[in-house]
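Visitor: Got a sequence here, can you model it:
(one chain, ligands or ions: 1)
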Amino acid sequence: MFTQLFTQLSIQLISQKKKMSDLEAMLKVPEVKHFTFDKIPDLTGKVAVVTGGNNGIGYITCRELAKKNAHVFILGRNVEKGQVAVEKIKSETGNQKVEFLKLDLKSLKSVKEFSFVTIRIGIQEEFGVNHVGHFLLTKLLLEKIKASQPARIVNLSSHAHRFATEGGILFDKLNDPSQEASSRYQQSKLANILFTNELNKRYLKGIQVYANSVHPGVVSTDMLNRNDLTIPDIFFEYSISPDDGAITTLYCATSPEIEEKNYRSKYFEPFGNESEKSTYAQDENLAKRLWEYTEDLINEKLPQK
Ligand SMILES: NC(=O)c1ccc[n+]([C@@H]2O[C@H](COP(=O)([O-])OP(=O)(O)OC[C@H]3O[C@@H](n4cnc5c(N)ncnc54)[C@H](OP(=O)(O)O)[C@@H]3O)[C@@H](O)[C@H]2O)c1
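Guide: Residues are numbered from 1 along each chain as shown. Presented below is the predicted three-dimensional model:
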């Protein structure tokens, strides 16, 4: 009896230990950085459009792009916060070509008009802002992006995409309020990668527009304070600074390596290292279904005149 209990207990402890070390391995970032800010080339003549640029990872991304002379547009919903970010970046970098454009990713009409007439997407906010808003914005900018070749598109996903629910995306439940916030977040981050894959397939084959997705790391930004995501304590222990959190995005947006190695539809983790996507994130049928679902949704909410 005692032996049995002891064995059971040790199996439990070993498996808990294994789970913990898996998690630690997932959270640990490499000590040697493949990419650093000083490797960002001169960006004179380049235009960067960054959503969420007033805060967190987006802010650092804008600051570093501005340091290298890019013309930076910060897109955000809050004019005051946006203007503060613009002034701060201008004074820190000396680059005066930093502008704020008002855009609420929750509102399709706002995305379409870059104005603030609110038509709610009518779909749960996480998926709406993280996926649908960015899908529409990218499609609306696509001709301009193609005209600016060589160009890059970087979509911020997350390691969380690996934990998406069975089936990947629960299309029938996207408005179901009983779905947990973390599950909605995971699905939206999976959608970011699937969208990037399908975008490459439909529009970017053979042209010099390179679209990739990124897990920035666990980064100490406002996002980690979200109560609804119930983030385990260990994430805080291993979190990296917003400066380090911006490195992988900046790698995808600016490193000459992306073109040299013809990186498309890849998924990168800190600090600019290519990594394997989850099985769902490689599922071509799921990517196609998501694309069609999103287009139908947008056509329904924003009928063509
Ligand atoms: N932090 C992490 O550990 C982590 C890990 C993996 C992936 N990511 C991904 O990295 C990206 C950036 O996250 P972060 O950590 O930098 O978060 P953050 O500091 O909370 O910044 C989020 C930004 O998005 C903007 N935003 C939110 N809702 C918006 C809307 N409806 N319209 C326009 N802008 C809106 C916010 O603007 P306001 O200031 O107006 O709210 C803010 O500038 C996200 O896609 C996140 O999923 C982050």
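
Visitor: Going by C-alpha atoms from here, please, whenever you check contacts or count neighbours.
Guide: OK.

Visitor: Could you list which residues are in contact with the most centrally placed residue in the chain?
Guide: Among the residues of the chain, the one closest to the centroid is residue 156, at 1.2 Å (Cα atoms, centre = their mean). By Cα atoms under 8 Å, 6 or more residues apart in numbering, the contact set of residue 156 is 189, 192, 213-216, 249.

Visitor: restrict those residues to contacts with the ligand.
Guide: Filtering those for proximity to the ligand by Cα under 6 Å from any ligand atom leaves 215-216.

Visitor: Let me have the contacts of residue 156 in CSV, extended by neighbour count.
Guide: Formatted as CSV, the contacts of residue 156 follow (neighbours: other Cα atoms under 10 Å):
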residue, neighbour count
189, 30
192, 28
213, 29
214, 28
215, 24
216, 25
249, 28
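
Visitor: May I have the predicted confidence score for the residue nearest to the centre of the chain?
Guide: In this model, residue 156 is scored at 98, pLDDT.

Visitor: just the strands in the stretch 1-150 of the chain please.
Guide: 47-51, 71-76, 98-102 (DSSP state E, counting those that start in this stretch).

Visitor: Tabulate the ones you listed (TSV), appending distance to the ligand.
Guide: Shown next, in TSV, are the strands of the stretch 1-150 of the chain (distance: least, Cα to the nearest ligand atom, whole Å):
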stretch	distance to the ligand
strand 47-51	6
strand 71-76	4
strand 98-102	8
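
Visitor: Quickly compare those strands and say which is most buried.
Guide: strand 71-76 (a mean of 23; mean count of other Cα atoms under 10 Å).

Visitor: Show me what that one is packed against.
Guide: Secondary-structure packing of strand 71-76 (3 or more Cα pairs under 8 Å, 6 or more residues apart in numbering; DSSP states H and E): strand 47-51, helix 56-67, helix 79-93, strand 98-102.

Visitor: so which of these comes closest to residue 31?
Guide: Minimum separation from residue 31 across the helices and strands packed on strand 71-76 (Cα to Cα) falls at helix 56-67, 19.8 Å.

Visitor: Residues in contact with the closest one: which ones?
Guide: 37, 43, 48, 50-53, 72, 74, 85, 89, 92-95, 97-98, 219, 221-222, 242-243, 245-247, 249-250.

Visitor: returning to what we had before: mean pLDDT for the strands of the stretch 1-150 of the chain - can I get that in a markdown table?
Guide: Formatted as a markdown table, the strands of the stretch 1-150 of the chain follow (pLDDT from 0 to 100):
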| stretch | mean pLDDT |
| --- | --- |
| strand 47-51 | 96 |
| strand 71-76 | 95 |
| strand 98-102 | 95 |
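
Visitor: and of those strands, who's closest to residue 135?
Guide: That would be strand 47-51 among these, by Cα to Cα, at 12.2 Å.

Visitor: Run through the stretch 1-150 of the chain and note the low-pLDDT ranges.
Guide: Applying pLDDT under 70 to the stretch 1-150 of the chain flags the ranges 1-20, 112-123.

Visitor: try 80
Guide: Across the stretch 1-150 of the chain, the ranges flagged by pLDDT under 80 are 1-21, 108-125.

Visitor: which parts of it sit against the ligand?
Guide: 52-58, 76-78, 103-106, 129.

Visitor: List only buried entries from the residues you listed.
Guide: Neighbour-count burial (16 or more other Cα atoms under 10 Å) is assigned, among those, to 52-58, 76-77, 103-106, 129.

Visitor: related to what we said a few turns ago, of the helices and strands packed on strand 71-76, which approaches residue 152 most closely?
Guide: Of all the helices and strands packed on strand 71-76, strand 47-51 comes closest under Cα to Cα, at 9.3 Å.
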